[in-house]
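[1] structure for the following, please:
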Amino acid sequence: MQTMPENQGEHAARRPRRHRVAMLLVASLVFIVGLVWVVAAYFDLWNMVGPRSFPDVEVTELDERQAAVIEVLRTEFAENPPGEKYSEGADEAWCANFVSWVMREAGMPLENPNSGWWRIPGVYTLEE
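    Below you'll find the model as predicted:
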């Protein structure tokens, strides 16, 4: 009957333990990276990271009304206010409100077909 040297048995017993520790570290790293990714996506942090600048727009080739829209957009981009500014404080998706607000500020207000007001809160309003 062949027996293992004493230190070889200890080495064999440590190997599964090291393997478990390594797997635990890898799993923890994957979990942390995944958690950071989910949080960043949820809070739309990708758009807040890194240098941002308003694109260069050659306004000399635009008419007066188009240039006014670009100037309003440039100002709002620099200020970066919360979306409620464009929705008169309403807690709703503000993308259509933003378009309505920009057009009004540029001197070309849109008109809500249902209320006659300048603010069009969404595409659904135009489909009714």
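[2] residue ranges for the helices of the chain, please.
    6-42, 64-79, 95-105, 123-127 (DSSP state H).
[3] now do the third one against helix 64-79: the angle between them, please.
    Read it as helix 95-105. 120 degrees (axes from the mean of the first three to the mean of the last three CA atoms, to 10 degrees).
[4] cool, the first one as well?
    Computed by the same axes, to 10 degrees, the angle separating helix 6-42 from helix 64-79 equals 140 degrees.
[5] outline the domain layout of the protein.
    The record's domain parsing of the chain by automatic domain parsing lists 6-46, 54-127.
[6] please identify the most buried of those domains.
    domain 54-127 (a mean of 14; mean count of other CB atoms under 10 Å). All C-beta spots, glycine's among them, are computed from the backbone N, C-alpha and C.
[7] show me how far that one is from its chain's centre.
    20 Å (CA atoms, centre = their mean, to the nearest Å).
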